[in-house]
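Chemist: quick check, what structure comes out for this input:
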Amino acid sequence: MRIGVAATPEVAIPTLDWLVASEHDLVLVITQPDKPAGRGRTMQQSVVADWALARDIRVVKPTSSADLVGVIDDLDCVVTIGYGVLLPQYILELPKHGFINLHFSLLPAYRGAAPAQRALQNGEKVTGVSVFQLEKGMDTGPIYSKKSVAIEPHWRSFELLQALAQEGPSTVSDALVKISAQRSPTPQEGPASLAPKISKQDARLHFSHDAPTLVNAVRAFTYEPGAWCNWKEESFKITAAIALDDQQLMPGVIAVDGQRVIVGCANYTAIEILTVIPAGKKEMTAADWARGARLNGGESFG
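Modeler: Model prediction:
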């Protein structure tokens, strides 16, 4: 089939690598327009655009959905992977077999922009990927294929997303086989839930919560946008932590036990923080930070 891919983030790369080596003809990559990035705010294109241009595959960066008219009409199917733009129905109907979407959850659970992160935040043990027929509703279309992935207890969002991305090729392949065979997708079944986009305030750590909730938040929001609290009126990111029971520290209070840095949470629990990013500095171990900050114990996070 003549395939286009509409994608922006790095998680699309495993599926793109598979498509370009497959029996299908990957003729077009659609990605978001260049955006300012870095301290210099220089214009930078997406990693997907870099990938396509390195392989002499045509790249389109539409500023509006209407720009796709006349561009995708001769395609058999467009695969979307984290494209980040809601497309109107008249655009979805232009390719012969429409659009399919690779979504990083077992739909109808976690419909929305941040399914992997919200699954971690909620302490899920299993998630997966779904490929479904795109329609104008948000992640509501019928499903062609699904694959489950067990979540390792230490995984953070970037590690979970890497694992889910590796399931993209086989799941998309299954969907394209069914489309070629004119097999219809299956309507979504079961309870639906939402996975809204993450704001900076969503990622703030509140030590009035218990330790498992705090650890799940660190896992969910590392590294983007970063799980954070206040230290001396500056943003302070915690990038890895484990939960502890039977602690007597008040919420937010810091204790230093040898190389261990422990912070009190609700319900007589605590977290041991393992790695941190202080304001204006690079990631370091919590022990190195504690030595540099000359902690004596009894200090507290805000």
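Chemist: buried ones in the helix or strand where residue 240 lies?
Modeler: Assigned by DSSP states H and E, residue 240 belongs to strand 234-244. Residues of strand 234-244 classed as buried by neighbour count (16 or more other C-beta atoms under 10 Å): 236-241, 243-244. The way it works is simple: take the backbone N, C-alpha and C, and place the C-beta from them, glycine included.
Chemist: which one of those is nearest to residue 191?
Modeler: Nearest to residue 191 among the buried residues of strand 234-244: residue 243, at 27.6 Å, using C-beta to C-beta.
Chemist: what pairs with that closest one across the strands?
Modeler: Taking DSSP bridges as the rule, residue 243 bridges to residue 271.
Chemist: for it, what are its contacts?
Modeler: Taking C-beta atoms under 8 Å, 6 or more residues apart in numbering as the contact definition, residue 243 lies against 211-212, 214-215, 269-271.
Chemist: ditto for residue 170
Modeler: Residue 170 sits in contact with residue 147, where contact means C-beta under 8 Å, 6+ apart.
Chemist: would you mind measuring from it to residue 288?
Modeler: 42 Å (C-beta to C-beta, to the nearest Å).
Chemist: ok, residue 214 next?
Modeler: Residue 214 is 21 Å from residue 288, by C-beta to C-beta.
Chemist: neighbour count for these two, which is higher?
Modeler: The residue with more neighbours, out of residue 214 and residue 288, is residue 214; 27 against 13, by other C-beta atoms under 10 Å.
Chemist: and the next element down the chain from the helix or strand where that one lies?
Modeler: Counting by DSSP H and E, the element that carries residue 214 is helix 211-221. Sequence order places strand 228-231 as the next helix or strand after helix 211-221, per DSSP H and E.
Chemist: show me what that following strand packs onto, helices and strands only.
Modeler: Applying 3 or more C-beta pairs under 8 Å, 6 or more residues apart in numbering; DSSP states H and E, we find strand 228-231 packed against strand 234-244.
Chemist: quick one: the strand it packs on to helix 211-221, angle?
Modeler: 120 degrees (axes from the mean of the first three to the mean of the last three C-alpha atoms, to 10 degrees).
Chemist: what's the burial count for residue 177?
Modeler: Per other C-beta under 10 Å, the neighbour tally for residue 177 reads 12.
Chemist: average pLDDT across the helix or strand hosting residue 291?
Modeler: Taking DSSP H and E as the definition, one finds residue 291 inside helix 286-293. Helix 286-293 shows a mean pLDDT of 96.
Chemist: for that helix, which residues meet the burial criterion?
Modeler: 286-287, 289-290.
Chemist: for stretch 205-212, same thing?
Modeler: 205, 207, 209-211.
Chemist: for residue 82, state which of those residues is nearest.
Modeler: Comparing these against residue 82 with C-beta to C-beta places residue 205 closest, at 26.1 Å.
Chemist: hang on, the closest one packs against residue 219?
Modeler: No: Residue 205 lies out of contact with residue 219 (C-beta atoms under 8 Å); the separation is 11.9 Å.
Chemist: residue 90: how many residues sit nearby?
Modeler: Counted with other C-beta under 10 Å, residue 90 comes out at 12.
Chemist: helix or strand: which one has it?
Modeler: Under the criterion of DSSP H and E, residue 90 resides in helix 89-92.
Chemist: would you mind extracting the C-alpha trace of that helix into PDB?
Modeler: Written as PDB, here are the backbone C-alpha positions of helix 89-92 (Å, rounded to 0.1, in the frame of the first residue of the first chain):
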ATOM      1  CA  GLN A  89     -13.600  14.400   9.100                       C
ATOM      2  CA  TYR A  90     -13.300  15.600   5.500                       C
ATOM      3  CA  ILE A  91      -9.500  15.200   5.800                       C
ATOM      4  CA  LEU A  92      -9.800  11.800   7.400                       C
END
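Chemist: quick one on the thing from earlier: neighbouring contacts of the helix holding residue 214?
Modeler: For helix 211-221, contacts defined as C-beta under 8 Å, 6+ apart pick out 117-118, 120-123, 155-157, 198, 202-203, 205-207, 209, 227, 238-245, 265, 269-271.
Chemist: next, the buried residues of that helix.
Modeler: Going by neighbour count (16+ other C-beta under 10 Å), the buried part of helix 211-221 is 211, 213-221.
Chemist: tell me which two of these sit farthest apart.
Modeler: Pairwise over these, using C-beta to C-beta, the maximum falls at 211 and 221, 16.0 Å.
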